[in-house]
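> Generate a structure from the sequence data that follows.
(chains A and B)
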Number of protein chains: 2
Amino acid sequence: MKRKFFLGIDGGGTKCKARLESFDGELLGEGLSGPCNPAQSADTALSSIIDVTNQALTSANLPLPTISELDVCLGLAGVNIPVYRNLVENWPLPFLSTHITTDLHIACMGAHAGKEGAIIISGTGSSALANVNGELSSIGGHGFPLGDKAGGAWLGWRALSYTLEALDALQPKTPLVDLVCEALNTNSAQEIVGQALHYTSNEYGKLAPIVVQLAKEKEPAAVSIVEEGKHYLMSVISRLDTLGAKRISMIGGLASHWCEWFPEATLQRLSPVMCSPEYGAVAVVKQIMKDL
Amino acid sequence: MKRKFFLGIDGGGTKCKARLESFDGELLGEGLSGPCNPAQSADTALSSIIDVTNQALTSANLPLPTISELDVCLGLAGVNIPVYRNLVENWPLPFLSTHITTDLHIACMGAHAGKEGAIIISGTGSSALANVNGELSSIGGHGFPLGDKAGGAWLGWRALSYTLEALDALQPKTPLVDLVCEALNTNSAQEIVGQALHYTSNEYGKLAPIVVQLAKEKEPAAVSIVEEGKHYLMSVISRLDTLGAKRISMIGGLASHWCEWFPEATLQRLSPVMCSPEYGAVAVVKQIMKDL
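Presented below is the predicted three-dimensional model:
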């Protein structure tokens, strides 16, 4: 049976995007729906997938029952964890075939327009993936506070930790301390600790822009935090190089800032992102179909 | 009314100790009972206090109703947090008078035999207190992972974080990595992250002996973790010095190890612990009675 339609879905914590291509690579339709993280809410994620698929079919002027003729790649956060992967594998999906992989994998395929390469993500968290010689190798992404160095949560956490040491008079009271205290609306160490007690990564991440801004103004405490993050990312880039990645791209909300701080030699090792994660998802499913 | 009996109670997470002194400073009796941390279990803590008091009275050959003639100082963990302080203040205690303070305060008073001074604690957590010119100033103790640098949980967490970077081939695979993997019974980064996801400070702290042992054997990764902790503690000692503390003592399970690593000049700034926390608690209540 000749396959006719390839659908790539990029499911994230806030939105879900889809790209529908014909066998010949023609873009037929697209879709955009709501949250799609099976580790946060499996029901919401499943309905976002159906929703985004129907949108893509509608925008392609195809009847909704065509859903059963789609070869689909779902790129989802969390499916590297066995319990969520099992959950997604057991969804009653109406597609012709469903291929499940991580958000990182499709982002990497997209960044290099469907070819091999590597990506480093620095958003709220941080992680990296090399896709070389048909093999995926992941680096980092161990979650905050054990890993995820150089992500936004890590930056915010380091800023808060520095602030507490400065309030203890163990570190100089630089502008970073003033801005963190202003953001938290207190300069009492005890109140800061009370507020931070139940902070999620996202809440730590909200302090990251302060560190980024001050590092650009050469504020010494912010510069020292950023230097540590920068050296971590540079060691990740070296590792991706050693793994044989030809193209390496950086993505995520903090990527452009890190690029301002990298030395020239590191920058020259980085390549621009070429296509979207949903494009990468289509590339994954096409590759699988070709190999069958 | 002349006060006759002073009781000092040192309440901790695993046990509760009491010291009963006469007005003239004679040791009349002692007691030892179970867990006494109001932040963990208020009911247990209250009954440990009654229990330890009855033991002290019995060992002093005093009738139990003497409990109503005792001027008592309770030194308890957690009472620096308003909610637990309020809770303890509302206990129906049968003493003549009850004075509530922190475990740090009585440990500091004990360390300096009832006189002023400062202490640094490095156990599972880390913190410091200066008691100078009638004023208490606390440093650190902000809880892991924001603060508590150079405590056992911090050492274990740094060891785990290093191990994950080494498994990602971003750091050399030194013996620290082998021993951490052996302790966790896995060398898969994913399994380590899974295990550590819900680690308490105590569980991180269980890895601290590995770091301590290897640092003594000059293992480079362990040495670099220990160096960071050592510099933090040295900055705390400088700060206590600046605050005017004459005597500074180090206590807690890791204290003797740090002392092996401190330079001579730092060691000379430290003084041995003279008396117990329950001795310190008696000193606190005597001081209050004298000031009345």
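
> which secondary element of chain A has the worst mean pLDDT?
Here the helix or strand of chain A ranked lowest by mean pLDDT, DSSP states H and E is helix A:189-196, holding a mean of 89.

> Mind listing what's buried along that one?
Residues A:Ala189, A:Gln190, A:Ile192, A:Val193, A:Ala196 are the ones in helix A:189-196 that count as buried (16 or more other CB atoms under 10 Å in any protein chain shown). For glycine as for every other residue, the C-beta is placed from the backbone atoms N, C-alpha and C.

> Contact partners for the nearest residue to the first one once chain neighbours are set aside?
Taking CB to CB, 6 or more residues apart in numbering or on different chains as the measure, A:Ala189 lies nearest to A:Leu167, with 4.5 Å between them; neighbours along the chain are not counted. Residues near A:Leu167 by CB atoms under 8 Å, 6 or more residues apart in numbering or on different chains: A:Val177, A:Asn187, A:Ser188, A:Ala189, A:Ile192.

> ok, the residue lying closest to A:Asn54 once chain neighbours are set aside to chain B distance?
Using CB to CB, 6+ apart and skipping residues adjacent in sequence, the residue nearest A:Asn54 is A:Leu64, 5.9 Å away. Per CB to the nearest CB, to the nearest Å, A:Leu64 is found 39 Å from chain B.

> With A:Ala130 instead?
11 Å.

> That residue - how many residues pack around it?
By other CB atoms under 10 Å in any protein chain shown, the residues close to A:Ala130 number 25.

> Show me what the host helix or strand of it is packed up against.
Using DSSP states H and E, A:Ala130 sits within strand A:126-132. If you count contacts as 3 or more CB pairs under 8 Å, 6 or more residues apart in numbering or on different chains; DSSP states H and E, strand A:126-132 packs onto helix A:103-111, strand A:117-122, strand A:135-140, helix A:220-242.

> That strand to helix A:103-111, inter-axis angle?
Interaxial angle of strand A:126-132 relative to helix A:103-111 (axes from the mean of the first three to the mean of the last three CA atoms, to 10 degrees): 60 degrees.

> Do you have the strands of chain A handy? List them.
Using DSSP state E, the strands of chain A run over residues A:5-11, A:16-22, A:27-33, A:70-76, A:97-102, A:117-122, A:126-132, A:135-140, A:248-251.

> and the stretch 151-292 of chain A, which residues reach chain B?
For the stretch 151-292 of chain A, the residues in contact with chain B (CB under 8 Å from any CB of the partner chain) are A:157, A:160-161, A:164-165, A:168-171, A:189-190, A:192-193, A:196-197, A:232, A:235-236, A:239, A:242.

> Would you mind checking these for buried ones?
Buried residues within these, counting neighbours by 16+ other CB under 10 Å: A:157, A:160-161, A:164-165, A:168-171, A:189-190, A:192-193, A:196, A:232, A:235-236, A:239.

> Dig out what the residue nearest to the spatial centre of chain A forms beta bridges with.
Most central in chain A under CA atoms, centre = their mean is A:Ile121, positioned 5.5 Å from the mean C-alpha point. In this entry, A:Ile121 is beta-bridged to A:Ser127, A:Ile251, by DSSP bridges.

> ok, it touching A:Ala107?
Yes: the pair A:Ile121 and A:Ala107 passes the contact test of CB atoms under 8 Å, sitting 7.2 Å apart.

> do you know how far A:Gly205 is from A:Ser161?
Taking CB to CB, to the nearest Å as the measure, A:Gly205 falls 15 Å from A:Ser161.

> ok, how many other residues are close to A:Ala166?
Using other CB under 10 Å, A:Ala166 has 21 neighbouring residues.

> Please look at it and A:Pro175 and confirm they touch.
No: the criterion here is CB under 8 Å, and A:Ala166 misses it with A:Pro175 at 10.7 Å.

> one step back: need the contact partners of the strand holding A:Ala130.
Residues outside strand A:126-132 that contact it (CB under 8 Å, 6+ apart): A:102, A:104-105, A:107-109, A:112, A:116-121, A:136-141, A:147-151, A:154, A:233, A:236, A:239-240, A:243-245, A:252.

> Swap in 6 Å and give it another go.
With CB atoms under 6 Å, 6 or more residues apart in numbering or on different chains as the test, strand A:126-132 has contacts from A:104, A:108, A:116, A:118-121, A:137-141, A:148, A:150-151, A:236, A:240, A:243-245.

> Quick one: buried ones out of those residues?
Using 16+ other CB under 10 Å as the burial test, the contacts of strand A:126-132 include A:104, A:108, A:116, A:118-121, A:137-141, A:148, A:150-151, A:236, A:240, A:243, A:245 as buried.
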